[in-house]
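# here's a sequence, model it:
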Amino acid sequence: MNKQLIEDILGKTKTARIAVVGDFCLDVYWFLNESASEKSLETGLPTWPIGEQNYSLGGAGNVVKNIQSLGCENIQAYGIIGNDLWGHKLKQNLNQLGVNCAGIKTQEKNWATPSYVKPYKQQNELNRIDFGNFNKLDTATSNSLLESLEKELQALDIVIINQQIENSFFTKELIEKLSVLINKYSEITFIVDSRHNSDAFPGALLKINDHEAVRLAGITVPEEALVPREQTLKVAETLYKKSNKTIFITRGPRGCIIVAEDGIKEIPGIQMPGKIDTVGAGDSMLAGICVALASGQEALSSASIGNFTAAVTIQKLFQTGTASPEELIEMGSNPNFVWRPELAEDMRKARYHNQTEFEIVTNLRGTFKSSHIIFDHDGTISVLREGWELIMERMMAKAVLGEKFESADESLYQQALGQIRVFIDRTTGIQTLTQMQGLVEMVRDFGCVPENELKDEFSYKEIYNDALMEMVKLRLEKLRWGELERDDFLIKNAFPLLEYLYKKGVKLYMASGTDQNDVVEEAAALGYADYFEGRIYGAVGDVTKEAKRQVLDRILLDIGDDARQGLATIGDGPIEIGETQKRGGLSIGIASDEIRRFGLNPGKRKRLIQAGADIIIPDYSQLEAFISLLGV
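The predicted model follows:
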């Protein structure tokens, strides 16, 4: 979606009239700080001092919070609370958002406000304390809620029915009465997001996940199992034939399937480079869908807005996050999609070009002829820095654990290491300074290092770079001394490829996340810097200037629209592949094994296909065939 369309949708969102009928809950976060713990005189047990506490809207309240954060100024809430501390706190939070709470009914007896108290010790959530498991709805309360809703219905653009807890106020009796209202006011858009009663509201649009979809179709799939795309598509069609109403089927990181009057469509998931928390993602998705629907958008655009909203909120940790209009515009204007996840995760589906090792992901362009080729450096041409992940892993572990690095128990150490490895894998290919920004947040989250001892991204980068360059300099010295040869530090046939392309007049560019001076020096030491004729670009110490994006934009500006058909990028990182894919160039992922310098790295293959690669190659050993593929 372009920026202007998102801004138009958000502009109309301000005047949209949206009601949420649902399970309004309170999420309570208590963070223990045992530095002030003492023994209880009564029990002799150590106390759990709360150093910090947060209270946020959960359930339908989180949907409301997301809608309000996106700019909607007319929201009505319909739900039930108890006459208790949590109920007062929940209503207070709604009032602070400017939500109309006339539809929030208080039941004096047999009802506790659904609340979830989550104590945290360091980074670990302890046993949750739940309220509201034994609620019993009174008919008078139910009728009062529905009467309030019906009075306002004709003034609303959309009504969200959001059932999230099993012991909900959505009793059989209330569901039947609510269904009558849906049929009576058919000109109003109702959309249902219900964990246990998705099929109980005929006449309403439906938002469900893939597991809920197959269950509605009578298919049993274990909760932890993957629901195949093909099966989800078939189920989507079956469900739509029954309801004849638009259905949104979410698939987590695999995106969303939309089935509506104009057929079945899909939107991809979005790549998340850092640590994520998917709690509340479904609420964010629903909120985004609904503000777009209320703004007059069709189903596909609405699902896209929901997708972007969820992508923003899952990056916010230890909270049920929301997305601001500014964050939504930023995410939606330049998203990095997850392409073809089924193919990426299943080597059996790979198909190859003319008995070569070149995996064809998208249809080949029959008349493609390379005129401008962008190369990544590390892992694409050079393996001088092979092993950087282990250096970064150890450096990050020391930073995260601080003085506890040597003394931390195995549980804490493995927990830190696990998060660090996931982070490094997700951020491969982006510039180091951006990775160090993520490290700063990771150090802060773990809490092993006092805030006043926390370093900034520049200091952490210096520590990492010093350790890395020590290894690189030793390898370059071995090259100068003749102990090793140039080919020992290059992907198979990389040098002959560069030499051939240069002689044929193809303009070569290098775009690297490595610091500019270092990548120029390393290319010169390995003997191919001249082939790029000064067109070598690296990081310049500014996280707002991503070298790979800048190079692509500069090339497209220089060569003009007519020459874009001859643009190709070869790299082993998702940034250059994804950015080329967005700009219409040919993206070639090199899934290189940097230790052997030839052969396929399956982990890279998966990452590169998901980033949008058109072709996957393991190396340049099949040189003639590869040159032919490039159209040179």
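
# mind listing what's buried along stretch 439-454?
Judged by neighbour count (16 or more other C-beta atoms under 10 Å), stretch 439-454 contains these buried residues: 439-440, 442-443, 446, 448-449. Any C-beta I mention is one placed from the backbone N, CA and C, and that applies to glycine too.

# residue ranges with poor pLDDT in the stretch 1-150 of the chain?
Along the stretch 1-150 of the chain, no part satisfies pLDDT under 70.

# residue ranges of the strands in it, please?
Here the stretch 1-150 of the chain has its strands, by DSSP state E, counting those that start in this stretch, at 17-22, 24-32, 50-59, 74-82, 100-107, 115-121, 124-125, 129-131.

# what does the stretch 351-500 of the chain give?
Using DSSP E, counting those that start in this stretch, the strands of the stretch 351-500 of the chain run over residues 359-360, 372-375.

# which of those strands sits most buried?
Ranked by mean neighbour count under mean count of other C-beta atoms under 10 Å, the strands of the stretch 351-500 of the chain are led by strand 372-375, which reaches a mean of 24.

# can you pull out the low-pLDDT segments for the stretch 401-550 of the chain?
Looking at the stretch 401-550 of the chain by pLDDT under 70, you get 543-547.

# now the buried residues of stretch 439-454 in CSV, with distance to residue 581?
As requested, these are exported to CSV (distance: C-beta to C-beta, whole Å):
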residue, distance to residue 581
439, 28
440, 30
442, 29
443, 33
446, 35
448, 39
449, 39
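
# out of these, who's nearest residue 250?
residue 442 (27.9 Å; C-beta to C-beta).

# if I pick the closest one, what's in contact with it?
Counting by C-beta atoms under 8 Å, 6 or more residues apart in numbering, residue 442 touches 275, 396, 400, 419-420, 423.

# one more: residue 179?
Contacts of residue 179 by C-beta under 8 Å, 6+ apart are 200-203.

# residue 195 contacts residue 212, correct?
Yes. Between residue 195 and residue 212 there is a contact under C-beta atoms under 8 Å: 7.4 Å.

# my guess is residue 232 contacts residue 256. True?
No. At 10.2 Å, residue 232 does not count as touching residue 256 under the criterion of C-beta under 8 Å.

# what is in contact with those two at once?
Contact with both residue 232 and residue 256 is made by residues residue 249, according to C-beta under 8 Å, 6+ apart.

# picking that back up, quick one: which of the strands of the stretch 1-150 of the chain is nearest residue 480?
Taking C-beta to C-beta, strand 124-125 is the member of these nearest to residue 480, at 50.5 Å.

# what lies in contact with the closest one?
Under C-beta under 8 Å, 6+ apart, the answer for strand 124-125 is 118-119.

# change the start of the numbering to 12 and stick with it
Done: numbering now begins at 12, and the last item shifts to strand 135-136.

# chain center to that strand, what's the gap?
Using C-alpha atoms, centre = their mean, to the nearest Å, the mean C-alpha position of strand 135-136 is found 22 Å from that of the whole chain.

# picking up where we left off before, dump the strands of the stretch 362-511 of the chain to CSV, plus mean pLDDT and distance to residue 297.
Conversion of the strands of the stretch 362-511 of the chain to CSV gives the following (pLDDT from 0 to 100; distance: least, C-beta to C-beta, whole Å):
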stretch, mean pLDDT, distance to residue 297
strand 370-371, 96, 37
strand 383-386, 93, 40
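
# can you put those strands in a markdown table and add distance to residue 617?
As requested, these are exported to a markdown table (distance: least, C-beta to C-beta, whole Å):
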| stretch | distance to residue 617 |
| --- | --- |
| strand 370-371 | 12 |
| strand 383-386 | 21 |
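
# hey, which helix is longest across the chain?
Longest helix in the chain, counting residues (DSSP state H): helix 468-492.

# would you mark the buried spots in it?
Neighbour-count burial for helix 468-492 flags 468, 471-472, 474-476, 479, 482-483, 486-487, 490 (criterion: 16+ other C-beta under 10 Å).

# circling back: out of the strands of the stretch 362-511 of the chain, flag the one nearest residue 77.
With C-beta to C-beta as the criterion, residue 77 lies closest to strand 383-386 of the strands of the stretch 362-511 of the chain, at 38.7 Å.

# quick one: strands adjacent to that closest one?
Strand 383-386 has the following strand partners under DSSP bridges: strand 518-526 (parallel), strand 578-582 (parallel).

# contacts made by that strand with the rest, please.
With C-beta under 8 Å, 6+ apart as the test, strand 383-386 has contacts from 392, 509, 512, 517-522, 559, 562-563, 566, 570, 574, 577-582, 587, 591, 641.

# more neighbours: residue 206 and residue 223, which one.
More neighbours surround residue 223 than the other of residue 206 and residue 223, with 20 against 17 (other C-beta atoms under 10 Å).

# and the more buried one, helix, strand or coil?
helix (DSSP: H, G, I helix; E, B strand; the rest coil).

# next one: the residue lying closest to it once chain neighbours are set aside, what pLDDT does it get?
Nearest non-adjacent residue to residue 223, counting by C-beta to C-beta, 6 or more residues apart in numbering: residue 209, 5.7 Å away. Note for residue 209: predicted pLDDT of 89.

# again, but for residue 315
Here the pLDDT value assigned to residue 315 is 96.

# and for it, the neighbour number?
Residues lying near residue 315 (other C-beta under 10 Å) number 23.

# again, but for residue 228
Residue 228: 16 neighbours (other C-beta under 10 Å).

# contact partners for it?
When contacts are counted by C-beta under 8 Å, 6+ apart, residue 228 is found next to 246, 249-250.
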